[in-house]
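**Student:** sequence first, then the predicted structure:
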Amino acid sequence: MSKPRSLDLPARTRAYRLGTPRQEFAVLDSRPGGQARGTVLLVPGYTGSKEDFLALLDPLADAGYRAVAVDGRGQFESPGPRRLSAYTPRALGGDVLAQVAALGEGPVHLVGHSFGGFVARSAARLDPTAFRSLTLLSSGPGRVGPEQRTKIRMLQAALPVLPPSWVWAVTQWLDGRDPVYVADPPEIVAFLGRRWFSTQPAQLIATGRQLRIEPDRTEGLARLPLPLHVAYGDGEKVWTVEELAHMARSIGARHTVLRGADHSPNVSHPKELTAALTEFWTTMCGAPGTE
């Protein structure tokens, strides 16, 4: 998961609930000072939330883009059903299309981080005309690597039978055993706990299963009639950098490797990521209405 380094809301950002015919979604909406060059919808990953993109909102607004980060159904501050069938990639992709329609600004640039990339590409397959481009950020062609699959399998087994507080304690203990673990400030620890206990367990179980079994979608991505972008850090470990590079080549995508970043460049390298995104949008997508 991504861990924001600060919870301060940027001055131009408004937090509210976006109403759609499907349900309401909690969003963070940041607008540039003048006329927007476009709108960006930011979709978070597994165990994540809209706050994973806090560090990106100001840089994107400074670059002239309206940036909207969203909690998907069952994530943190967005409600969600208790049934597992509510969290299929198709259902979550349909939510993204509803969010785009509710924003009311025509085709948007879509950015999906990690599992959010699975959701984003599902939405793009359902209706590519809703989007100006698709960026897969630290998101691979299919299921995650063996170490991540083991962690998710343990989480899936524990959630239905153990109290959420026990499961949370175990996940924290496992994180602490990571050789590169760095203790988080108290306010971040408190936020991560609130996010965990607010997220619908069915969402965690169903989306975790998808991360474990997702087949390689490279062929389907290559057929999308959209400008494509694959971006990740050179320290990425959820998927290997080799398979991400191969996916980028196979689908003819713009390929960005962020030096010094790991699985969450949106947190660690927001300025560099913003520069890569805006350069991609400018050179590959053109101005609104020119596609």
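**Tutor:** That came through, no problem. Numbers count the residues shown, from 1 in each chain.

**Student:** show me what residue 65 is bridged to.
**Tutor:** Taking DSSP bridges as the rule, residue 65 bridges to residue 38.

**Student:** what does residue 134 give?
**Tutor:** Going by DSSP bridges, residue 134 forms beta bridges with residue 110, residue 228.

**Student:** mind listing the strands for this protein?
**Tutor:** Along the chain, counting by DSSP state E, strands occupy 13-19, 24-30, 38-43, 65-70, 108-113, 131-137, 228-233, 254-258.

**Student:** okay, the angle between the fifth one and strand 131-137?
**Tutor:** Regarding strand 108-113 and strand 131-137, their directions subtend 10 degrees when assessed with axes from the mean of the first three to the mean of the last three C-alpha atoms, to 10 degrees.

**Student:** go through strand 108-113 and flag the buried ones.
**Tutor:** If you call a residue buried by 16 or more other C-beta atoms under 10 Å, then strand 108-113 has these buried ones: 108, 109, 110, 111, 112, 113. In this view, the C-beta of every residue, glycine as well, is placed from N, C-alpha and C.

**Student:** how about the fifth one, what does it touch?
**Tutor:** Neighbour list for residue 112: 43, 45, 118, 119, 120, 121, 134, 135, 136, 137, 139 [criterion: C-beta atoms under 8 Å, 6 or more residues apart in numbering].

**Student:** so which of these comes closest to residue 232?
**Tutor:** Proximity of the contacts of residue 112 to residue 232 (C-beta to C-beta) peaks at residue 137, which lies at 7.0 Å.

**Student:** tell me which residues touch the residue nearest to that closest one when sequence neighbours are not counted, please.
**Tutor:** Counting by C-beta to C-beta, 6 or more residues apart in numbering, residue 137 lies nearest to residue 113, which is 4.6 Å off, once chain neighbours are set aside. Neighbouring residues of residue 113 by C-beta under 8 Å, 6+ apart: 2, 42-45, 48, 52-53, 137-139, 264, 266.
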